[in-house]
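>>> Next comes the sequence, and after it the predicted model I'd like to discuss.
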Amino acid sequence: MNCNLFITFEGPEGAGKTTIIKKIAERLAQENIDVLATREPGGIEIAEKIRTIILNPEHTAMDERTEALLYAAARSQHYFEKVRPALDAGKMVICDRFIDSSLAYQGYARGIGVDEVLSINEFAIGKKLPDLTILFDISPEVGLARIHAHGDREVNRLDVESLAFHQKVREGYLQLVKRYPERIRVVNADQSMEHVVEDVWAIVYKAMQ
């Protein structure tokens, strides 16, 4: 069984990634798999500080290129300080967002260009892509409704973007599925949490074989 994998979880706002990641990490631990669960932007002190700048809802004047560069900077620090050392130590790493978020949000939805944002990130982390990416697919209407229904969730700068922007994010992710069909697996996130967990676990378990 190959447990030394880098697995990323992607999806639009309100897709439920964070909750599912916790449950998958718990199940992996029950299987005695040494797993590190982390997130982007953030995961370590420097990247968390960059996160507060990126997601601050007051920073409406932020240019899309500044946004893309800040994400890449946070990703670089997080990857080299936390992700790669864990992988080198033989651990499995599961990460809430990675490079595909930048490609979908800034590259596609913001209109900077997927290849242009990919180039920025290749400078930041090299050409390292995840071994497996699980895309939580859900309509923007449902995802945003979930966010507003959970009053305890912090609302960030991306949450308050227009519905049209979030629709483009979803389009961007689906374009990435076509671009990386061997790496990205799609899960219907508009199901009960229990069903989503089982679908994700089946994909992760197969990847370990």
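Arrived safely. Residues are numbered from 1 along each chain as shown.

>>> so what's the spatially most central residue of the chain closest to, chain neighbours aside?
Compute the mean C-alpha point of the chain, and by C-alpha atoms, centre = their mean the closest residue is residue 97, 1.5 Å away. Sequence neighbours aside, residue 40 is the residue nearest to residue 97 in space, at 4.2 Å (criterion: C-beta to C-beta, 6 or more residues apart in numbering). All C-beta atoms are positioned from the backbone trio N, CA, C, and that covers glycine.

>>> residue boundaries of the strands in the protein?
6-10, 35-39, 92-96, 132-137, 184-188 (DSSP state E).

>>> so for the last one, what's the average pLDDT?
Looking at strand 184-188 alone, the average pLDDT works out to 98.

>>> Run through the neighbouring helices and strands of that strand.
Under the contact definition 3 or more C-beta pairs under 8 Å, 6 or more residues apart in numbering; DSSP states H and E, strand 184-188 sits against strand 132-137, helix 163-179, helix 193-208.

>>> follow-up on the earlier one: wait, the residue nearest to residue 97 sits on residue 47?
Yes: under the criterion of C-beta atoms under 8 Å, residue 40 makes contact with residue 47 at 7.3 Å.

>>> For the two, list the residues in contact with both.
74, 75, 78 (C-beta atoms under 8 Å, 6 or more residues apart in numbering).

>>> ok so, going back, more neighbours: residue 40 and residue 47, which one.
Ranked by neighbour count (other C-beta atoms under 10 Å), residue 40 and residue 47 place residue 47 first, with 25 against 21.

>>> pLDDT value on the more buried one, please?
98.

>>> Looks like it contacts residue 41 (just checking).
Yes: the pair residue 47 / residue 41 is scored as a contact, 5.6 Å apart, by C-beta under 8 Å.

>>> what touches both of these two?
Common contacts of residue 47 and residue 41 (C-beta under 8 Å, 6+ apart): 74, 75, 78.

>>> just the buried members of the residues you listed?
Among these, those that count as buried by neighbour count (16 or more other C-beta atoms under 10 Å) are 74, 75, 78.
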